[in-house]
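1. Compute the structure for the input listed below.
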Amino acid sequence: MATVLSGGIRIHYESQGEGPALVLHTGAGGDLNIWREAGYLDRLDGFRVLLVDQRGRGKSDRPPTIEAHLVERYVEDIVAVLDDAGVESTAFWGYSSGIVVGVAFGGSHPGRLRALVGTGSLRYRNLTDLPRVDEKSEIEEDVAKGGVRHELDARMVAENDRFPEAIDANVRAGDPLMHALDGVAWLRWNGPRAVLDRTRIDLLFLTGANEDLARETERTVAAVPTARMVRLPGVGHLGAFYRSDLAVPLALPFLIEHTR
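-> Alright, predicted model coming up:
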């Protein structure tokens, strides 16, 4: 276990194993333990895995302002972790909004990102192109609904699925205010399209067959020559993560190709 200061914010991370570096990042939906609970560490032998608690989650600090949760701050946290761990370049595996952090990291530090695996989906448009929201009202509404718990309940209904008990409890323990701040702050980021159009990022999407039914991720892959995609059969956004038995065998050849 280790803690590093990033702009005065304490970021907790853990390092396990030996080999090429691989950052595992959950975004706002859970702390670093969900990777362990889903069985990823048992299947990633041969890599030095760096698990990071995004600020606002786990043992990292919980700054209470929108500015402290901008995507650029999350990228600075990754850089601080890599510097503290003595890692020059790394592969990156992001789940859900963690994909955005990985794309932003690659855009601002292209020499430090070897490849990006994204579990979930990504629309080929800039977040700043979305309709503006009243940030104060949006935060208040999200907190009142329970933050990530409301989002998780909606996913369970839509996909007729649920996380295993330990992961479910972990995600539900998230601070509603931190989830709300994350949700409004990332709308200020001028990406992902602007980043993907100017930066070469080798990107593999692992997308559940039962999520992103509008096929937005296919459009992203079609527009980005260095992107690939695999649909995981029989699962949605939840299962695409917790079924590490499906995800890791698909990601390993890609990771090995770009790190060895």
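2. ok, now which ones touch the closest residue to residue 59 other than its chain neighbours?
-> Here the nearest residue to residue 59 in space, its sequence neighbours aside, is residue 12; by C-beta to C-beta, 6 or more residues apart in numbering that works out to 3.7 Å. The way it works is simple: take the backbone N, C-alpha and C, and place the C-beta from them, glycine included. Going by C-beta atoms under 8 Å, 6 or more residues apart in numbering, residue 12 touches 1-3, 32, 52-53, 58-60.
3. from these, which ones fall inside helices?
-> Where the contacts of residue 12 are compared with helices, as defined by DSSP state H, there is no overlap at all.
4. Going by neighbour count, which of the residues you listed are buried?
-> For the contacts of residue 12, burial is judged from neighbour counts taken by 16 or more other C-beta atoms under 10 Å, and it is met by 32, 52-53, 58, 60.
5. what about residue 172, distance to residue 214?
-> Taking C-beta to C-beta, to the nearest Å as the measure, residue 172 falls 27 Å from residue 214.
6. Same drill for those two, tell me which one is more crowded.
-> Remark: of residue 172 and residue 214, residue 172 carries more neighbours, 15 against 10, as counted by other C-beta atoms under 10 Å.
7. residue contacts, that one?
-> For residue 172, the contacting residues are 148-149, 152, taking C-beta under 8 Å, 6+ apart as the criterion.
8. Most neighbours out of those residues, which is it?
-> For those, neighbours tallied by other C-beta under 10 Å; top is residue 148, 25 neighbours.
9. surely that residue meets residue 28?
-> Yes - using C-beta atoms under 8 Å, residue 148 makes contact with residue 28 at a distance of 6.7 Å.
10. so what sits against both of the two?
-> Common neighbours of residue 148 and residue 28, counting by C-beta under 8 Å, 6+ apart, are 174, 179.
11. all strands of the stretch 1-150 of the chain, in order?
-> Under the criterion DSSP state E, counting those that start in this stretch, the stretch 1-150 of the chain carries strands at the ranges 2-6, 9-16, 21-25, 48-52, 90-95, 113-119.
12. strand partners of the last one, parallel vs antiparallel please.
-> Listed by DSSP bridges, the sheet partners of strand 113-119 and their directions read strand 90-95 (parallel), strand 203-208 (parallel).
13. what is the rounded mean pLDDT of it?
-> Within the predicted structure, the mean pLDDT of strand 113-119 is 98.
14. What is the nearest of the buried ones among the contacts of residue 12 to residue 202?
-> residue 52 (20.5 Å; C-beta to C-beta).
15. how close does the closest one get to residue 130?
-> Distance, residue 52 to residue 130, by C-beta to C-beta: 26 Å.
16. same thing with residue 257?
-> Distance of residue 257 to residue 130, computed by C-beta to C-beta: 34 Å.
17. Same check on residue 85?
-> Between residue 85 and residue 130 the computed distance is 35 Å (C-beta to C-beta).
18. Which one of those two is surrounded by more residues?
-> Neighbours of residue 85 and residue 130, each counted by other C-beta under 10 Å, are more numerous for residue 85; the result is 16 against 10.
19. you'd agree that one is up against residue 2?
-> Yes - if you go by C-beta under 8 Å, residue 85 and residue 2 touch, sitting 7.4 Å apart.
20. which residues do those two both contact?
-> Counting by C-beta under 8 Å, 6+ apart, the contacts common to residue 85 and residue 2 are 13, 15.
21. dump the residue contacts of the most centrally placed residue in the chain.
-> The central residue of the chain, meaning the one whose C-alpha is nearest the mean C-alpha position (C-alpha atoms, centre = their mean), is residue 98 at 1.3 Å. Applying C-beta under 8 Å, 6+ apart to residue 98 gives the contacts 25-27, 54, 118.
22. could you redo the last one with a cut-off of 10 Å?
-> 23-30, 52, 54, 74, 92, 116, 118-120 (C-beta atoms under 10 Å, 6 or more residues apart in numbering).
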